[in-house]
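*Asks:* Just to be clear, the model below is a prediction. Sequence and coordinates:
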Amino acid sequence: MLKIKRLYTFVIQTFLPVFAMTFVICLFIVLMQFLWRYVEDLVGKGLDISVLAELFLYAAFQLIPMALPLSLLLASLMAFGNLGERLELLSIKASGVSLLKAMKPLIILVAFISIGAFFFQNEAMPRIQVKLRALLWSIKQKSPELDIPEGSFYSDIPNYNLYVKKKNRETKMLHEVMIYDTSKGFDNMAVIVCDSALMRGSEDKTFLLLNLYHGQQFANFRQADINSTSSRSNNQFVPYSRENFKEKEVIIPFNTGFDRMDESNLEGTQISKNIVQLSHSIDSMSARLDSVNIRDRKIIGQHTYFSYRNTEAYQNRLKEADSLKVEKPKALQKKEQPAKIDFDSLLNSYSRDEMAQHLMSAASEAENSRYNMLESNQKAGLQKNIRFHEVERHRKFTLSFACLIFFFIGAPLGAIIRKGGLGMPVVVSVALFIVYYIIDNIGYKMARDGVWEAWQGMWLSSFALFPLGVFLTYKAMNDSALFNPEAYGKFFRKIFFIKVPQKISEEDRTVIINNIPGISEISNLGLDGETIDNLQAMDEEHLRDINKNYTQYGYAKNMQLATLIILKARGADINSIVDNQSYEAAGMDYKNFCKSSVLTGIGYLLAIIFLIINVPGLSIFIYVSYLILFVRSLTYYSMFYASAKKKSKIYHIVVSIASFAAYPLTYWYIKKDMEKNLKELKERAII
């Protein structure tokens, strides 16, 4: 009996519920997109619930190829993100199981899903697409339900315009009705005006029956011997008929039923064929296209600009030339060179009128050749049909491969991010799927329009994302810190030549902490007994707040040392306090900022000068250089205020924008403020 390891069972049980949930959510989202796309074709047509349910069922099946890759990406990212967030993935790795081995059951499961997706695309999708297209076409062709508004003309009935001043919804009577009938042509239009009318549909839903009460009908009087054009030119009136009635019945052709399109009309298209049928159709159309090309080449040889070659005189000259070549020695034949024609001198020998005549004749002959000799429309139709069939054939495979790619992107990415739930995974999944969807659409259009080969366009998205899946899998297996901000910060500082001041070493920190007096010496700081008792009664959070902001509270420096003594006596961690109050680190950031600001100021002045003189190429270089120098100075500014007195984000944003626009002016303000903060930092520093 085949036994599955408990680890594999645990991983599968973690993945399957998440996959089922994400698949339903993704399918619902794409189904809503389908609904918004065709909502105008569905509203106001009185469709039965069964027809709408059938339409949404076919649409849901047809949208599975779009929802399945996205759901696999989101589910794998969430599953492994949950494992990483709960430290279960860490436990698995600590027990000696690699990430790839932990992914093994899901790899097998996703492989079976991909195989099932292939058979779904090949066998079920052709039938689904035929039924969906036929049903959509039938719905679009269905006439809308009648909803005649009050006080305006209604023109949704073909060849009729109706105006109703008032409607009685209880009795369904229409009052003060005006009807314009153009079913016999605009020149023979009839106008009906009545006090009231009753409208109903026929039993077979092919006609509208109007019972009109107390009205008149005006219509043009048709006479065979009257020429309407001549009568209008002679300002004569066209005769018309007038009819008064108490009750009149009018029958208007209007199909309100739902007629289904015959699905056999779509059987010959590429959407209704599987791989075998598509390959057979491509082979037959390619053979037909080859025969058309062979025939066209023969026609071109007989009817092109070189048609003189088909004349008897030209053929005789060719035979004479061949006979001369045979009679002459080979040495002479090699030495002979064909005569060169100087086309410039030939063209200059013609006058301007003769040249225009020859060019017009050549253009006319080219047009005749294009329309008469080549069956361009037939060939273009065949080539287009072949492309559509090839695109559909490749589509059968791309879905399965996309499922595998998205799994190998989502699972390693979830192991690296270690965030579960519907927050970060949803954002990352949607962003990746949008990139995939855009690339896939670009490739599809390129292949459909014949710009690229069919396999190049249809596999473009897979080729683009496959390296990403390999890269993420490799990084996750080696526990690489792919999303470690510190690593990217080091890379950024290395590019911009940013110096980072050294932090306090462990030895220096130990010396500083040991130099802090004991709790028995707190009375020697000059504080009264009540203040000392209040400090000892405070919790750790309040003591840290006073230590950091004692100047704002109006205390002296001895208050800072008193809080440190109490925190040390309680055994609290005061390493962060020592590090954050490093005066030397802040002073180094200040010096680096001043040195970098000199270069930034020079870059700013050069940027202003080249903005005025605008030297192409060099101006762009100056602008980019100033931007780099500005970012470098702004980095030193941020590093300084990480150690100095904190300020609001709005303050830093305003200062940054003002500095970029007028750096030399804002530099002096920033420098003065930094010196002030540096002085305060020195006063409360422990070192």
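*Replies:* Nice, I can see it.

*Asks:* I figured E249 hits L212, correct?
*Replies:* Yes - E249 lies in contact with L212 (CB atoms under 8 Å); the separation is 7.4 Å. Bear in mind the C-beta positions are built from the backbone N, C-alpha and C, glycine included.

*Asks:* More neighbours: those two, which one.
*Replies:* L212 (24 against 10; other CB atoms under 10 Å).

*Asks:* Just the pLDDT at that one, thanks.
*Replies:* On the pLDDT scale, L212 is placed at 91.

*Asks:* Where does it sit, in terms of helix or strand?
*Replies:* strand 207-220 (DSSP states H and E).

*Asks:* what packs against that strand?
*Replies:* With contacts taken as 3 or more CB pairs under 8 Å, 6 or more residues apart in numbering; DSSP states H and E, strand 207-220 sits against strand 173-181, strand 190-201, strand 240-253.

*Asks:* Domains of the chain: list them as residue ranges, please.
*Replies:* The record's domain split for the chain, according to automatic domain parsing, is 1-142+268-332+374-483, 153-253, 513-575, 583-684.

*Asks:* just how off-centre is the last one within its chain?
*Replies:* It stands for domain 583-684. 38 Å (CA atoms, centre = their mean, to the nearest Å).

*Asks:* in the strand holding L212, what counts as buried?
*Replies:* Residues of strand 207-220 classed as buried by neighbour count (16 or more other CB atoms under 10 Å): 207-208, 210, 212-213, 215, 217, 219-220.

*Asks:* ok, so of those residues, who is nearest L564?
*Replies:* Checking the buried residues of strand 207-220 against L564 by CB to CB gives L208 as the nearest, at 93.7 Å.

*Asks:* separation between the closest one and N188?
*Replies:* 21 Å (CB to CB, to the nearest Å).

*Asks:* for L404, same thing?
*Replies:* Counting by CB to CB, the gap from L404 to N188 is 68 Å.

*Asks:* Neighbour count: these two, which is higher?
*Replies:* Taking other CB under 10 Å, L404 and N188 do not tie; L404 has more neighbours (20 against 16).

*Asks:* What is the subsequent helix or strand relative to the strand or helix carrying the more buried one?
*Replies:* Assessed by DSSP H and E, L404 sits inside helix 376-417. Later in the chain than helix 376-417, the nearest helix or strand by DSSP H and E is helix 424-448.

*Asks:* List the contacts of the helix or strand just after that following helix.
*Replies:* Toward the C-terminus, helix 424-448 is succeeded by helix 454-458 as the next helix or strand (DSSP H and E). Contact with helix 454-458 is made by 387, 390-391, 393-395, 398, 442-448, 451, as judged by CB atoms under 8 Å, 6 or more residues apart in numbering.

*Asks:* Just the closest of those residues to L16, please.
*Replies:* Using CB to CB, the contacts of helix 454-458 come closest to L16 at T398, 24.9 Å.

*Asks:* Tell me the spacing between Q383 and S138.
*Replies:* For Q383 relative to S138 (CB to CB), the value is 31 Å.

*Asks:* What helix or strand is F56 located in?
*Replies:* Using DSSP H and E, F56 falls in helix 49-62.

*Asks:* So what's the gap between the strand holding L212 and the chain middle?
*Replies:* 55 Å.

*Asks:* helices or strands next to the helix or strand harbouring I670 in the packing?
*Replies:* For I670, the host element (DSSP H and E) is helix 663-684. If contacts are counted by 3+ CB pairs under 8 Å, 6+ apart, helix 663-684 sits against helix 557-569, helix 583-613, helix 618-643, helix 649-661.

*Asks:* related to what we said a few turns ago, what is the helix holding L404 packed up against?
*Replies:* helix 64-85, helix 104-119, helix 275-303, helix 424-448, helix 454-458, helix 460-477.

*Asks:* Any chance of JSON lines for those, columns mean neighbour count, distance to S656 and mean pLDDT?
*Replies:* Converted to JSON lines, the helices and strands packed on helix 376-417 look like this (neighbours: other CB atoms under 10 Å; distance: least, CB to CB, whole Å; pLDDT from 0 to 100):
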{"stretch": "helix 64-85", "mean neighbour count": "25", "distance to S656": "35", "mean pLDDT": "87"}
{"stretch": "helix 104-119", "mean neighbour count": "17", "distance to S656": "46", "mean pLDDT": "90"}
{"stretch": "helix 275-303", "mean neighbour count": "14", "distance to S656": "59", "mean pLDDT": "79"}
{"stretch": "helix 424-448", "mean neighbour count": "17", "distance to S656": "27", "mean pLDDT": "85"}
{"stretch": "helix 454-458", "mean neighbour count": "21", "distance to S656": "45", "mean pLDDT": "88"}
{"stretch": "helix 460-477", "mean neighbour count": "17", "distance to S656": "34", "mean pLDDT": "86"}
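
*Asks:* quick one: which of these is nearest S345?
*Replies:* Here helix 275-303 is closest among these (CB to CB), at 29.6 Å.

*Asks:* if we can go back for a sec, which other residues reach the strand holding L212?
*Replies:* So strand 207-220 is contacted by 146, 157, 177, 179, 187-202, 238-254, 256 (CB under 8 Å, 6+ apart).

*Asks:* how big is the angle separating it from strand 190-201?
*Replies:* Relative orientation of strand 207-220 versus strand 190-201 (axes from the mean of the first three to the mean of the last three CA atoms, to 10 degrees): 170 degrees.

*Asks:* CA atoms only: put strand 207-220 into CSV for me.
*Replies:* Once non-C-alpha atoms are left out, strand 207-220 reads as follows in CSV (Å, rounded to 0.1, in the frame of the first residue of the first chain):
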residue,chain,number,x,y,z
PHE,A,207,-45.5,41.5,-34.5
LEU,A,208,-46.7,44.4,-32.4
LEU,A,209,-50.5,45.0,-32.5
LEU,A,210,-51.6,48.6,-31.9
ASN,A,211,-55.3,49.5,-31.4
LEU,A,212,-55.6,53.2,-32.2
TYR,A,213,-58.7,55.3,-31.1
HIS,A,214,-60.0,58.6,-32.4
GLY,A,215,-57.3,59.9,-34.7
GLN,A,216,-56.2,60.7,-38.2
GLN,A,217,-53.7,59.3,-40.7
PHE,A,218,-51.8,61.4,-43.2
ALA,A,219,-49.9,59.7,-46.1
ASN,A,220,-48.3,60.7,-49.4
